[in-house]
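Novice: Test case, fold it:
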Amino acid sequence: MKQLIHYQSIFSPVIFILAAGVLGGFMAASGLLVLMLIFSRDTVLESLLVLLIVTFLLGDNFKGTFAFMQNFRFVMVLVSFLYLLKYHVISNNLANYILPFTMVAFCVTMLFSPLGIAAVLRSLGFWLVGLVIFKLANLLYLNNSQRTAEILILTLVCYFAVNIILVFLPLESTSLRGRFKGLAGNPNGLALIAMFSYGLLWLLKEREETAFKKSFFLAFRIVLLLIVLLTGSRTALLSIITFELILRLIHNKVLLFRLMTIVIFFLLFFDVIVNSSFFEAYSFFDFLRFDTLSTASGRTEVWQVAWEEVKNAPFFGNGLLYDQYFIDDYVARNIGENVARHWGAVWSSYLSLLLDVGFMGCIAYGYFWIEVFRKSHDKNIAIAFTAMCLLSGITESWMAASMNPFTPMMFLFWAIQSQPTTNA
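Specialist: Sure thing, here's the model as predicted:
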């Protein structure tokens, strides 16, 4: 609480803009955003970064209190980019490493996409979002690394504190089929936000640039794990476990290899365990939904269909957003209205990317990951974070979109990693 009061000049404009959006829609929020950039002085960049993060954290709400974020996030990115032009936002920006992917996506979308200008604009989103986040992080860290790190932590504290409060409130809007979704648009979304926050907190702890104690970081990570359990997301839970295993055992590669082998063995032969009576006596394991684990909650059925479509345009795909367009069209033509939930998306970043930009686009995307990894200062955390992201991408399509909450959080991690460490 003391830190929040200390940084109230940063968080107050953010609260006012959020309130304007809730009451008056994205136009009202956009108007206040412009006023903040015009009249704010000393803390404008810090408030802009906080507002950008909060906007994306709430950006998956398609209805309800924060539905205005669907439109406001586009305004936020564009206005932030224009404002940062005076800080030479494009030059010496690590986001330029994703420009090859953006160029491939833009050209493919222009030539082949059936979705028009909306998909074309989304192709630019990766680069623009990356430019804004990398530049803001760079400017603020060079000015005051401790202050910036503490502001980022407090932003996450506020977001998850509200989520924890919502756990104890009987609101139907915060759950979906018994799974907690809190402030996010869906349970899996909240779980991925918690997963990325887990990695960010570990990075901020290791950099030792804040006044927060190690016990605080430990308690916060425990809270994030509890939230993941409440969401029932097996992907986020397994990804966090992998992150922890790699970090703690990276210096003992033999033990790490053995433990990862055990995990893989469990995943490959879990049917034997599921059919046993062991888990029947423990309702604690219900959230893992072992009965749907073999099909990844029906995802494998969708993956087979998606892979057949990938073969029709394997090198360049059919443009951004095509993955969702294809699934919706396939359902309409072959299944009809009474459709299971797993037919709502492709549910795999790799298949979504192949459908959208093909193997060439995937190679360009991989180039970005390689370059930002090379620029990172803590390679051990970078390895663990990369593994966590790649694992989560197997069953979630977050990598194929730039305007969701997850890609910006990935950018933020690498933006912090690229900053020289200055211990507080």
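
Novice: hey, where'd the helices end up in the stretch 301-424 of the chain?
Specialist: Using DSSP state H, counting those that start in this stretch, the helices found in the stretch 301-424 of the chain span residues 322-334, 349-375, 379-392, 406-417.

Novice: Which positions in the longest one come out as buried?
Specialist: Translated: helix 349-375. Within helix 349-375, the residues scored as buried using 16 or more other Cβ atoms under 10 Å are 349-358, 360-362, 364-365, 368-369, 372. Every residue, glycine included, has its C-beta placed from N, CA and C.

Novice: Ok, the first one next?
Specialist: For helix 322-334, burial by neighbour count (16+ other Cβ under 10 Å) applies to 322-327, 330-331.

Novice: other SSEs contacting it?
Specialist: Helices and strands touching helix 322-334, by 3 or more Cβ pairs under 8 Å, 6 or more residues apart in numbering; DSSP states H and E, are helix 299-310, helix 349-375.

Novice: mean pLDDT lowest for which of those helices?
Specialist: For the helices and strands packed on helix 322-334, mean pLDDT drops lowest on helix 299-310, to a mean of 94.

Novice: Same question for it: list its buried residues.
Specialist: By 16+ other Cβ under 10 Å, the buried positions in helix 299-310 come out as 299, 302-303, 305-306, 309-310.

Novice: Show me what it is packed up against.
Specialist: Counting contacts by 3+ Cβ pairs under 8 Å, 6+ apart, helix 299-310 packs against helix 322-334, helix 349-375.

Novice: Which strands and helices lie in contact with the longest one?
Specialist: So the one you mean is helix 349-375. Helices and strands touching helix 349-375, by 3+ Cβ pairs under 8 Å, 6+ apart, are helix 99-112, helix 299-310, helix 322-334, helix 379-392, helix 406-417.

Novice: Tell me what angle the third one forms with helix 349-375.
Specialist: Helix 322-334 and helix 349-375 meet at an angle of 170 degrees, taking axes from the mean of the first three to the mean of the last three Cα atoms, to 10 degrees as the criterion.

Novice: Going forward, the N-terminal residue is numbered 5.
Specialist: With the count now opening at 5, the last piece we talked about shows up as helix 326-338.

Novice: Please enumerate residues in contact with helix 326-338?
Specialist: Contact partners of helix 326-338, identified using Cβ atoms under 8 Å, 6 or more residues apart in numbering, comprise 117-119, 123, 306, 309-310, 313, 322, 343, 347-350, 355-356, 359-360, 401, 404.

Novice: do that again at 6 Å, thanks
Specialist: For helix 326-338, contacts defined as Cβ atoms under 6 Å, 6 or more residues apart in numbering pick out 119, 313, 343, 347, 350, 356, 359-360.

Novice: which of those residues sit farthest apart?
Specialist: Of all pairs drawn from the contacts of helix 326-338, the widest gap by Cβ to Cβ lies between Val343 and Asp360 and measures 22.2 Å.

Novice: Just the strands from this structure, written as ranges.
Specialist: With DSSP state E, the ranges of strands along the chain come out as 179-180, 183-184.

Novice: Can you say which of the ones you listed is packed in most?
Specialist: Each of the strands of the chain was scored by mean neighbour count; the highest is strand 183-184, a mean of 20, by mean count of other Cβ atoms under 10 Å.

Novice: Now do it: distance to the chain's middle.
Specialist: Its chain's C-alpha centre and that of strand 183-184 lie 18 Å apart, by Cα atoms, centre = their mean, to the nearest Å.

Novice: picking that back up, what is the nearest of the buried residues of helix 303-314 to Phe20?
Specialist: Comparing the buried residues of helix 303-314 against Phe20 with Cβ to Cβ places Arg303 closest, at 41.5 Å.

Novice: for the nearest residue to that closest one once chain neighbours are set aside, what are its contacts?
Specialist: In space, and not counting its chain neighbours, Arg303 is closest to Trp351: 4.4 Å by Cβ to Cβ, 6 or more residues apart in numbering. For Trp351, the contacting residues are 303, 306, 399, by Cβ under 6 Å, 6+ apart.

Novice: Next: Asp46.
Specialist: By Cβ under 6 Å, 6+ apart, Asp46 has no neighbours at all.

Novice: One more: Leu98?
Specialist: Residues near Leu98 by Cβ under 6 Å, 6+ apart: 138, 376, 422.

Novice: The spatially closest residue to Pro424 that is not a sequence neighbour and Trp418, how far apart?
Specialist: Nearest residue to Pro424, sequence neighbours excluded (Cβ to Cβ, 6+ apart): His381, at 7.0 Å. According to Cβ to Cβ, to the nearest Å, His381 stands 11 Å off from Trp418.

Novice: Looking at those two, which is more packed in?
Specialist: Trp418 (26 against 15; other Cβ atoms under 10 Å).

Novice: Gly129 is in contact with Phe110, correct?
Specialist: No. Contact criterion Cβ atoms under 6 Å: Phe110 and Gly129 do not qualify, at 10.4 Å.

Novice: about what we covered before: want to try CSV for the strands of the chain, with distance to Arg262 and mean pLDDT as columns?
Specialist: As requested, the strands of the chain are exported to CSV (distance: least, Cβ to Cβ, whole Å; pLDDT from 0 to 100):
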stretch, distance to Arg262, mean pLDDT
strand 179-180, 38, 84
strand 183-184, 33, 92
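
Novice: Make JSON lines out of those strands and add distance to Met199.
Specialist: JSON lines is the format used below for the strands of the chain (distance: least, Cβ to Cβ, whole Å):
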{"stretch": "strand 179-180", "distance to Met199": "18"}
{"stretch": "strand 183-184", "distance to Met199": "15"}
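
Novice: Indicate which one of those strands is closest to Ser13.
Specialist: Closest to Ser13 of these is strand 183-184 (Cβ to Cβ; 33.0 Å).
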